[in-house]
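S.K.: show me how the following folds:
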Amino acid sequence: MKKTDKKLFDDEAEMQEWLKGILQDDNQAFEALVSNSAYLNNFSPSGYAEEKFLESYKLAWGALTYVEILTSDANISLTKTEVLRPDFILYDQEKESIVIVELKNRAQATREAGTEIGAYAAAIRKYMPLLADSDIVNVIVSSAWPPLLRHFIFNEIVWLGRSVICVEPMIENGEKHLRIKDIRSFTNNERAAKIPLDALGGHIIGLECSGTHGESLSRYVPRMRLAGMAMARKGTALRSHGFAFLWRTNNEHARYCFTLVNAAPLLDLGHLAEQDPPFSPINSFAQRLHRLVRAYGPGGHTRSLSLIDKHAKVFMNRWCKPVSEAYFDWEFLKQDIFDNKVKMLGFYPWGVFAEAFHRKLAQRISKGKDTTHDHCETGWDVICELVASC
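M.R.: Sure thing, here's the model as predicted:
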């Protein structure tokens, strides 16, 4: 008999003592506590969000094979006036990573989980500034999963690419165990991981000759590809989401162009009207965001987009005159590409677009198909997968 019991523990302290007693005696005990570990091999993802969740769950699960307790309900802050007491910090002996375990035994308390985990990770980085995101694993043990916590987990996994696994306490055959939380309990309560078509803004960078009249820029195509790679690298460093296409036209004024596109966060507020409180318009902050969009009409031409543009031009200013123009949304920019019947030369993605792109490139290679690091056809496939009404 299996059941999840929200009153399995009287409080979080009791839950912590139970888990501490087990982990102190056996560094392999965490895996043994989980009754449904086969779930990870049996789950078949449908769509990008579920693929990201499964990848996250598996990465986090791999960090729990051999663990040692570093702290248990102890203050880790280096600031005397600050108190940060994570339930557990574990050391993953195989992959040398840090595991933050957060326990929640009350529905109200789970609302704090996201804020606390972020604070704990920041505090740990004060000890180890070079600690990568991929070397921090988050384990959330909870008896309740309210909308705020589910939304936090969805954002951490799908958009930020962090390693998280969610488990819940349960009773099986009269004994206390943990069970991996079903992925679809998170993805079914969120919008599909599709970026709205009008939530992507960008512009064109036309490459004009800066030297002798009639000089061909064709010999600089390798440098153009390098600039495209630089855009992708900068976008990744900024933790943004977007892509750039390099293309050639018959326009004598600018034979070569980049179409540079980036996510426009202020244009992707639709979920605020679809979620349970506090993610509904009755929330005052959500209402103000909607008013801001109506009043100012942001087009997605953000600071991030400007920084990516500026970084790319460092690689182009010496051999051409890059001119930024045509600031529109992706729907217009895409149609411009189609109308000009251009020859596509390269695709350079960052953020979620890069992850999906490299996954599809690997699939092509596994099927024996020819490909390149900037394969445009695969780029279009990625856009259709991630952008609504692409």
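S.K.: now do the SS call for residue 254.
M.R.: coil (DSSP: H, G, I helix; E, B strand; the rest coil).
S.K.: let me see the contact set for it.
M.R.: Listed by C-beta atoms under 8 Å, 6 or more residues apart in numbering, the contact set of residue 254 reads 206-208, 323. The C-beta positions use only the backbone N, C-alpha and C, and glycine is treated the same way.
S.K.: what separation do you get for residue 320 and residue 25?
M.R.: Distance from residue 320 to residue 25, counting by C-beta to C-beta, to the nearest Å: 67 Å.
S.K.: more crowded one of those two?
M.R.: residue 320 (23 against 8; other C-beta atoms under 10 Å).
S.K.: does residue 78 touch residue 122 like I think?
M.R.: No. With contact defined as C-beta atoms under 8 Å, residue 78 does not reach residue 122; the gap is 10.9 Å.
S.K.: wasn't residue 91 part of a helix?
M.R.: No. Counting by three-state DSSP, residue 91 is not found in a helix; it is strand.
S.K.: can you give me the distance of it to residue 229?
M.R.: Distance from residue 91 to residue 229, by C-beta to C-beta: 36 Å.
S.K.: try residue 236
M.R.: Per C-beta to C-beta, residue 236 is found 11 Å from residue 229.
S.K.: partners of residue 68 in the sheet?
M.R.: Note on residue 68: beta-bridge partners by DSSP bridges are residue 91.
S.K.: which stretches of the stretch 51-200 of the chain have low pLDDT?
M.R.: In the predicted model of the stretch 51-200 of the chain, residues 106-114, 189-193 satisfy pLDDT under 70.
S.K.: the stretch 251-390 of the chain too?
M.R.: 268-283, 286, 390.
S.K.: now the strands for it?
M.R.: Using DSSP state E, counting those that start in this stretch, the strands of the stretch 251-390 of the chain run over residues 256-263, 321-329, 343-350.
S.K.: now do the contacts for the residue lying closest to residue 235 once chain neighbours are set aside.
M.R.: Among residues not flanking residue 235 along the chain, residue 350 sits closest, at 3.0 Å (C-beta to C-beta, 6 or more residues apart in numbering). Residues near residue 350 by C-beta under 8 Å, 6+ apart: 231-236, 238, 240-243.
S.K.: longest helix anywhere in this structure?
M.R.: helix 221-237 (DSSP state H).
S.K.: show me what counts as buried in it.
M.R.: Within helix 221-237, the residues that count as buried by 16 or more other C-beta atoms under 10 Å are 223-225, 227-236.
S.K.: quick check: mean pLDDT of it?
M.R.: The average pLDDT within helix 221-237 is 96.
S.K.: and it, what other elements does it pack with?
M.R.: strand 242-248, strand 256-263, helix 303-313, strand 343-350, helix 352-366 (3 or more C-beta pairs under 8 Å, 6 or more residues apart in numbering; DSSP states H and E).
S.K.: and the helix or strand hosting residue 139, which strands flank it?
M.R.: Element membership of residue 139 [criterion: DSSP states H and E] is strand 136-142. Sheet pairing of strand 136-142 (DSSP bridges) gives strand 97-104 (parallel), strand 163-172 (parallel).
S.K.: pull out the buried residues from the first one.
M.R.: Meaning strand 97-104. 97-104.
S.K.: many thanks, I have nothing further to ask.
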